[in-house]
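> Sequence plus the predicted model coming up.
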Amino acid sequence: MTQSADDMEFDELLRSAMHARPQPAPASNLVHRAVELGRTHAAAEAKQRLQMLSRLRRRNTLVGLAASILIAMVVLIGAQRVYKTGLLNDSSTTTSTSSDSTSSTTSSIAVPLGVAITAEALVVALILLSAGPSDPRPTFA
């Protein structure tokens, strides 16, 4: 059987068109793609956790500084009160004055130093409890 010239030209045109068409992309390796996506996701999550820990560390530093300032202020105010009111004397003073028709007795009992120090210690403890550091290893959901 002989082919006509038209058939040979058509075959040649069809063959060149088939070679010239764009080839489909080869099938990707799904396992490799899944590993890359997992690594990308893990890196983004780790970066987010590091940023959160950095914020937590900065907050703890600021809260600790504020608590230290508050404690120092409470101790200074307490020391000033102890000094001004003379709470260091644990004795009571009684002054009596007599005049011809009236008798007056003035009595002032100093608050014991232990009570004043206990009150200050309670205030300092409350400050420390309210501004204490949070869990050093936060849990992530």
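On my side now, so go ahead. Numbering: from 1, shown residues only.

> Check which helix or strand His19 maps to.
helix 5-20 (DSSP states H and E).

> no wait, Arg49
Arg49 belongs to helix 30-85, assigned by DSSP H and E.

> That helix - what's its average pLDDT?
Averaged over helix 30-85, pLDDT sits at 87.

> Quick check, central residue of this structure?
Centroid-nearest residue in the chain, with CA atoms, centre = their mean: Leu56, separated by 2.3 Å.

> Give me the distance between that one and Leu62.
Per CB to CB, to the nearest Å, Leu56 is found 11 Å from Leu62. No exception for glycine: its C-beta is placed from N, CA and C like everyone else's.

> Please apply the same query to Gln80.
27 Å.

> what do you get for Ala34?
Relative to Leu62, and taking CB to CB, Ala34 is found at 42 Å.

> likewise Ala119?
27 Å.

> Pull out the CA atoms of stretch 45-62 and give them to me as PDB.
Extracted in PDB, the C-alpha atoms of stretch 45-62 (Å, rounded to 0.1, in the frame of the first residue of the first chain):
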ATOM      1  CA  GLU A  45       5.300  27.600  65.100                       C
ATOM      2  CA  ALA A  46       8.700  27.700  66.800                       C
ATOM      3  CA  LYS A  47       9.200  31.300  65.800                       C
ATOM      4  CA  GLN A  48       5.800  32.200  67.200                       C
ATOM      5  CA  ARG A  49       6.600  30.400  70.500                       C
ATOM      6  CA  LEU A  50      10.000  32.200  70.700                       C
ATOM      7  CA  GLN A  51       8.200  35.600  70.300                       C
ATOM      8  CA  MET A  52       5.700  34.700  73.000                       C
ATOM      9  CA  LEU A  53       8.500  33.700  75.300                       C
ATOM     10  CA  SER A  54      10.300  36.900  74.600                       C
ATOM     11  CA  ARG A  55       7.200  38.900  75.400                       C
ATOM     12  CA  LEU A  56       6.700  36.900  78.600                       C
ATOM     13  CA  ARG A  57      10.300  37.400  79.700                       C
ATOM     14  CA  ARG A  58      10.000  41.200  79.000                       C
ATOM     15  CA  ARG A  59       6.800  41.300  81.000                       C
ATOM     16  CA  ASN A  60       8.300  39.400  83.900                       C
ATOM     17  CA  THR A  61      11.200  41.800  84.000                       C
ATOM     18  CA  LEU A  62       9.000  44.800  84.100                       C
END
